[in-house]
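[1] Quick one: sequence plus predicted model below, questions after.
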Amino acid sequence: MKCPHCLTSFHDKWDNLSIGSDVEASWYISRTTCPECGKLVVILGSNKAERPDYLVRPKAISRSPIPKEVPGKYAVDYKEACMVLGDSPKASAALSRRCLQNILREIAKAKLDDLSKEIQEVIDSGKLPSDLSEAIDAIRNIGNFAAHPIKSQQTGLIADVEPGEAEWGLDVIEDLFDFYFVRPERIKAKKDALNKKLKEAGKPEMK
């Protein structure tokens, strides 16, 4: 399995402990420890196949750390979308859509009036790499915005999601963070370092 704390793969060995029954099911706790990070993983399960298992510790599966270059207002929505993913993919997807819309409006300067149109506007601008254009376009296709316009017109509302939709939204947000915030800062840092060397050598700096 892959550790939900550190994302390292390891051969898992689970200890199961029955904790009781109620009118819904018989419940048990499964626990294992990651040999890499040493952290305990705990899952709440039942004898009912139709009931999903619940990840208790950690609360949600870890994802890539948020780069320090990402402004707090976008990082907050992303963090919350990650935290609720295990409990409610619907809520996670809604937070991701809101975060995506804020990035497209405030950073990419989209001017239209709903997420579906804003995605198309940014794609048509030609400013995104082709792979990233395809990734944000897939949000509309996976979410079937044509059949569920509420997702694009009122992004913060909870609506049914397709399998994998919430996870894809988080993946796209991470890629946008890298494109809009991380890469420009890294390029600027390299340029500043080069200009410092050019200045010390008495040569003209890069514009």
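    Okay, I see it. Numbers count the residues shown, from 1 in each chain.

[2] which residue of this protein sits farthest from its center?
    The C-alpha centroid of the chain is most remote from Gly202, which lies 45.9 Å away (C-alpha atoms, centre = their mean).

[3] Can you classify that residue by secondary structure?
    With DSSP: H, G, I helix; E, B strand; the rest coil as the basis, Gly202 sits in coil.

[4] who's in contact with the most centrally placed residue in the chain?
    Nearest to the geometric centre of the chain sits Leu170, at 2.2 Å (C-alpha atoms, centre = their mean). Leu170 sits next to 63, 78, 81-82, 85, 92, 96 when contact means C-beta atoms under 8 Å, 6 or more residues apart in numbering. Every residue, glycine included, has its C-beta placed from N, CA and C.

[5] Could you tell me which of those residues belong to helices?
    78, 81-82, 92, 96 (DSSP state H).

[6] between the residues you listed, which has the most around it?
    Ranked by the number of neighbours (other C-beta atoms under 10 Å), the ones in helices among the contacts of Leu170 place Ser96 first, at 27 neighbours.

[7] Can you give me every residue that contacts the closest residue in space to it that isn't next to it in sequence?
    Leaving aside its sequence neighbours, Ser96 sits nearest to Gly169 (C-beta to C-beta, 6 or more residues apart in numbering; 3.2 Å). Applying C-beta under 8 Å, 6+ apart, we find Gly169 in contact with 81, 92-93, 96-97, 100, 139.

[8] For Gly169, give its distance to Ala91.
    According to C-beta to C-beta, to the nearest Å, Gly169 stands 11 Å off from Ala91.

[9] shared neighbours of those two, anything?
    Ala81.

[10] The protein: helices as residue ranges?
    So, for the chain - with DSSP H - the helices run 72-83, 89-106, 115-125, 130-143, 150-153, 165-177, 183-200.

[11] quick one, which of these is nearest to Lys39?
    Among these, helix 72-83 comes nearest to Lys39, with 16.8 Å by C-beta to C-beta.

[12] contacts for the closest one?
    59-60, 63, 66, 70, 91-93, 95-96, 98-99, 102-103, 166, 169-170, 173-174, 177.

[13] again, 6 Å this time
    60, 63, 66, 92, 95-96, 98-99, 173 (C-beta atoms under 6 Å, 6 or more residues apart in numbering).

[14] Buried ones in it, by neighbour count?
    Within helix 72-83, the residues scored as buried using 16 or more other C-beta atoms under 10 Å are 74-75, 77-82.

[15] Show me which of the contacts of helix 72-83 is closest to Lys188.
    The nearest member of these to Lys188, counting by C-beta to C-beta, is Ile66 at 19.1 Å.

[16] so who does that closest one touch?
    Ala75.

[17] Use 26 as the first number for this chain going forward.
    Got it, first residue is 26 now, which makes that one Ile91.

[18] Show the low-confidence segments of this structure, by residue range.
    Residue ranges of the chain with pLDDT under 70: 87, 169-185.

[19] Now for Asp139, how many residues are close by?
    Around Asp139 there are 16 residues (other C-beta under 10 Å).
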